[in-house]
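Chemist: I would like to see how this sequence folds:
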Amino acid sequence: MSAGQRDTAVRAWLRERFGDRFGDRLGRQRAADAPVPRIAVVTDSAAALPPDWVATLPAGGVLTVMAMPVQIGAEIFSEGDVELDTAIALALAAGTPVTTSRPSPGQFERAYANAAAHGFAAVVSLHISGTLSGTVEAARMAAGKSPIPVHVVDTRTAGMAQGFAVQDAVAAALAGGELDGVSDAVEATLERTRILFYVPSLDQLRRGGRIGAAASWLGTVFAIKPILAVRDGVVVPLEKVRTAPKAIARLEELVLADLAGLAGVATARLCVHHFGNEAQAQAVADHLQASSGAIASVTLSRLPAVLAAHAGLGVLGVVISTRSSTAGTGA
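Modeler: Model (predicted):
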């Protein structure tokens, strides 16, 4: 796709998104004034991007999401396979081995070459923490063979903590940002974003080798309901709670404590992740929304299979991304 074709795609997207909201005339003006994005964004399926948001993006390749493989027994799946949710839930419940892998360097090479072929000048490629997956290393290997510059970012996190940074990178790219500007948007969002999560058991994290500093709790694995976080790219323990209801209540308390004092100064985007417990996650989202005036939006999101494989059934995660109350949502 040429730059002219991408320009047409972006204008069509703006007409569709803004025409009815601001009036057809203003919508057409926004479309006519829209810059042609020069920077492409590449990420991986651990970013947990909402499908509805991805579907709103203009055609032209501004965003590419690399699927991360999940192996259940002898069968290999990719995020988005229609059978995957059921297969992984059954495997986790039965104790069947579930493993994950990274996209290959060759897949990244093709993604970067495709961005160049579509007329982009450079790529920002941001990925799941390098201590949790080899994905970012595969991206770095491929970046050296790319026909256009590629800035590879180890987000040092996962889920929508990574996904919010992707959304803001795409917004900066669509606004006409250059490589430095898009990269700065990523770093700014990552600095303001935190993920907390509850798992019914540490066992699945132990099996996958992603347990980090929480390994010290393994001796009491059946007696506690742990609350964890991702800090500096690794899973770290926060608190040990005796029952699931108390753990969920404590998770909510920790989130609300993070939000305290933001009113009038900053707002927060939240995402509540779940796997196999959507109704429970909805209740948490509703309670948080009702309890804090600092929340600009709450998204409910199934945890991607590549993360659920390690967190296990019943996981609840809350991602908090704060920003100045005068800034947009980016979503």
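Chemist: contacts and neighbour counts: CA atoms only from here.
Modeler: Noted.
Chemist: L288 - how many residues pack around it?
Modeler: Residues near L288, counting by other Cα atoms under 10 Å, number 20.
Chemist: surely it and L256 touch.
Modeler: Yes. L288 is in contact with L256 according to Cα atoms under 8 Å; the separation is 7.2 Å.
Chemist: helices along the chain, start to end?
Modeler: 3-22, 24-33, 51-55, 84-94, 105-117, 135-143, 160-174, 179-191, 203-208, 244-259, 278-291, 305-311 (DSSP state H).
Chemist: how about these in TSV, adding distance to G73?
Modeler: Below are these laid out as TSV (distance: least, Cα to Cα, whole Å):
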stretch	distance to G73
helix 3-22	42
helix 24-33	49
helix 51-55	28
helix 84-94	9
helix 105-117	24
helix 135-143	22
helix 160-174	28
helix 179-191	35
helix 203-208	14
helix 244-259	30
helix 278-291	26
helix 305-311	12
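Chemist: ranking those helices by mean pLDDT, which is last?
Modeler: Mean pLDDT across these is lowest at helix 24-33; the value there is a mean of 48.
Chemist: nearest to P226, of the helices of the chain?
Modeler: Of all those, helix 244-259 sits nearest to P226, with 7.2 Å by Cα to Cα.
Chemist: can you pull the buried residues of that closest one?
Modeler: Using 16 or more other Cα atoms under 10 Å as the test for burial, helix 244-259 gives 247-248, 250-252, 254-256, 259.
Chemist: closest to L179 among those?
Modeler: Closest to L179, out of all of these and judged by Cα to Cα, is L259, at 31.7 Å.
Chemist: identify the spatial nearest neighbour of the closest one, chain neighbours not counted.
Modeler: Sequence neighbours aside, A294 is the residue nearest to L259 in space, at 6.5 Å (criterion: Cα to Cα, 6 or more residues apart in numbering).
Chemist: T267 is in contact with the one you found, correct?
Modeler: Yes. With contact defined as Cα under 8 Å, A294 reaches T267; the gap is 4.8 Å.
Chemist: re earlier: looking at the helices of the chain, which is closest to D44?
Modeler: helix 135-143 (8.1 Å).
Chemist: angle of that closest one against helix 105-117?
Modeler: 60 degrees (axes from the mean of the first three to the mean of the last three Cα atoms, to 10 degrees).
Chemist: hmm, who's touching helix 135-143?
Modeler: Applying Cα atoms under 8 Å, 6 or more residues apart in numbering, the set of residues contacting helix 135-143 from outside is 102-106, 108-109, 112, 125-130, 149-154.
Chemist: again, 6 Å this time
Modeler: 102, 105, 108-109, 127, 130, 150 (Cα atoms under 6 Å, 6 or more residues apart in numbering).
Chemist: gap between that helix and the chain center?
Modeler: Remark: helix 135-143 is offset 18 Å from the chain centroid, using Cα atoms, centre = their mean, to the nearest Å.
Chemist: cool, and stretch 125-144?
Modeler: 15 Å.
Chemist: do the same with stretch 304-311
Modeler: Distance, centroid of stretch 304-311 to centroid of chain: 13 Å (Cα atoms, centre = their mean).
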